[in-house]
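> sequence-free structure coming up:
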């Protein structure tokens, strides 16, 4: 391996490591901020009920409407179609495999859209 390839490989590992370190660091800082606020509330001699109110967050339940299935299905169909349409521009040896892969991915996307169609709730007309 030449020196440029070695540098590129080291740089890639460095970037992945920096991303992982950044995620861990920001989660740590978020937790530290929470604990510092809790400590300050305890120092101000708040009672437990007031502290619970201070840190209470209401979780609003999201209604699942299945739109995620349609979105991911459309994206997957697009990827499969892109691979299938790209296959004629490649050498003849690669055309069959790429075309088969594109069709497989497109069928996966169609199955996601079909899952949405079959599982969506029929809304009554009012």
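In hand now; what should we look at? Here the structure is a predicted model, which means the values were calculated and not measured.
> what's the following helix or strand after the helix or strand where residue 68 lies?
For residue 68, the host element (DSSP states H and E) is helix 67-86. Moving toward the C-terminus from helix 67-86, the next helix or strand (DSSP H and E) is helix 92-119.
> counting contacts, what elements does that next one pack onto?
helix 67-86 (3 or more C-beta pairs under 8 Å, 6 or more residues apart in numbering; DSSP states H and E). In short, each C-beta sits where N, CA and C put it, glycine included.
> Run through who's touching the helix it packs on.
Residues from elsewhere that reach helix 67-86 (C-beta atoms under 8 Å, 6 or more residues apart in numbering): 98-99, 101-113, 115-116, 119.
> Quick check: buried residues in that helix?
With burial defined by 16 or more other C-beta atoms under 10 Å, the residues of helix 67-86 counted as buried are 69-70, 73, 76-77, 79-80, 83-84.
> mean confidence for it?
In this model, helix 67-86 has a mean pLDDT of 87.
> longest helix of the chain?
Secondary structure of the chain read by DSSP state H shows that its longest helix is helix 3-43.
> Can you give me the domain boundaries for this protein?
3-55, 67-119 (automatic domain parsing).
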